[in-house]
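Asker: Compute the structure for the input listed below.
(one chain, ligands or ions: 1)
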Amino acid sequence: MKFFVDTADVDAIAELNALGMVDGVTTNPSLIMKSGRDILEVTKEICEMVDGPVSAEVVATEADDMIAEGRKLAKIADNIAVKVPLTWAGLKACKTLSDEGNMVNVTLCFSANQALLAAKAGATFISPFIGRLDDLNLDGLDLIEDIRTIYDNYDFETQILAASIRTANHMSEVAKIGADVATAPPSVIKNMANHVLTDKGLDAFLQDWAKTGQKIL
Ligand code: E4P
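Answerer: Numbers count the residues shown, from 1 in each chain. Below is the predicted model:
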């Protein structure tokens, strides 16, 4: 499973990228706002740091305007994936932008039917939002499973990009289901390294080591 980082924070991206953990980046208007940076400038910087796809989201709501914004965003770098919302207008924009040779990430997906339409419209990535479904006491992981089944039944090439990931457990769960990509905030990716038994075991080893009076270096 590929790891995308869900942030526009270049320092956080750089830290994970140095460990080989960044296969791509996803941003959205809220993350750009949080960064306090200009969208074109920060997206260009991220594209230069990362080899994989960098999602940059349109903010227009009509198809023609989305297409115009998408074309402008796509000019930032070769590794831009234009992100469009899963509305009827967004599907039209997806079809046009992908026919023009751009990577397209269809975002804000909350149902299997929406994912089916995005695949038909030529999406490179579909972004089902797990956490926002869980917030409503629905099961975001069920959605990933349903989309995996449907895409596999018909050999759709659209990649499932599990999004709105809130916990480290979400990462292993979507990996088990077979999501192609998971995008998560840097804090969640770092949290995947934590285990209370690792901390406890290390503590015991270090206490015993101190008793030996030895040094390695
Ligand atoms: C994905 O591309 C979105 O940017 C993101 O995963 C949304 O996550 P949130 O629901 O935690 O805002």
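Asker: Tell me how far the nearest residue to residue 129 once chain neighbours are set aside lies from the ligand.
Answerer: Spatially, and ignoring its direct neighbours in sequence, residue 129 is nearest to residue 164 (3.6 Å; C-beta to C-beta, 6 or more residues apart in numbering). All C-beta spots, glycine's among them, are computed from the backbone N, C-alpha and C. The spacing between residue 164 and the ligand, counted by C-beta to the nearest ligand atom, to the nearest Å, is 3 Å.
Asker: quick one: stretch 45-57 to chain centroid distance?
Answerer: For stretch 45-57, the distance from its own C-alpha centre to the chain's C-alpha centre is 12 Å (C-alpha atoms, centre = their mean, to the nearest Å).
Asker: re earlier: show the contacting residues for the residue nearest to residue 129.
Answerer: Going by C-beta atoms under 8 Å, 6 or more residues apart in numbering, residue 164 touches 129, 130, 131, 132, 133, 140.
Asker: and the fourth one, what helix or strand is that in?
Answerer: If I follow you right, that is residue 132. helix 130-134 (DSSP states H and E).
Asker: So which other helices or strands are in contact with that helix?
Answerer: For helix 130-134, the elements it packs on are helix 140-153, helix 168-177, judged by 3 or more C-beta pairs under 8 Å, 6 or more residues apart in numbering; DSSP states H and E.
Asker: so what strands line up beside whichever helix or strand comes after the longest one?
Answerer: In the C-terminal direction, the helix or strand that comes right after helix 140-153 (DSSP H and E) is strand 159-162. Looking at strand 159-162 with DSSP bridges, its partner strands are strand 125-128 (parallel), strand 181-184 (parallel).
Asker: So strand 159-162, near the ligand or not?
Answerer: No: in terms of C-beta under 6 Å from any ligand atom, no part of strand 159-162 sits within range of the ligand; the closest distance is 7.1 Å.
Asker: Over to stretch 57-69?
Answerer: No: for stretch 57-69, no contact with the ligand is found by C-beta under 6 Å from any ligand atom; the gap never falls below 7.9 Å.
Asker: avg pLDDT for that stretch?
Answerer: Mean pLDDT, taken over the full extent of stretch 57-69, equals 98.
Asker: what does it rub up against?
Answerer: Contacts to stretch 57-69, defined as C-beta under 8 Å, 6+ apart, come from residues 27-29, 70, 73, 82-85, 87, 89-90, 92-93, 96-97, 107.
Asker: what helix or strand does residue 21 sit in?
Answerer: Under the criterion DSSP H and E, no helix or strand holds residue 21.
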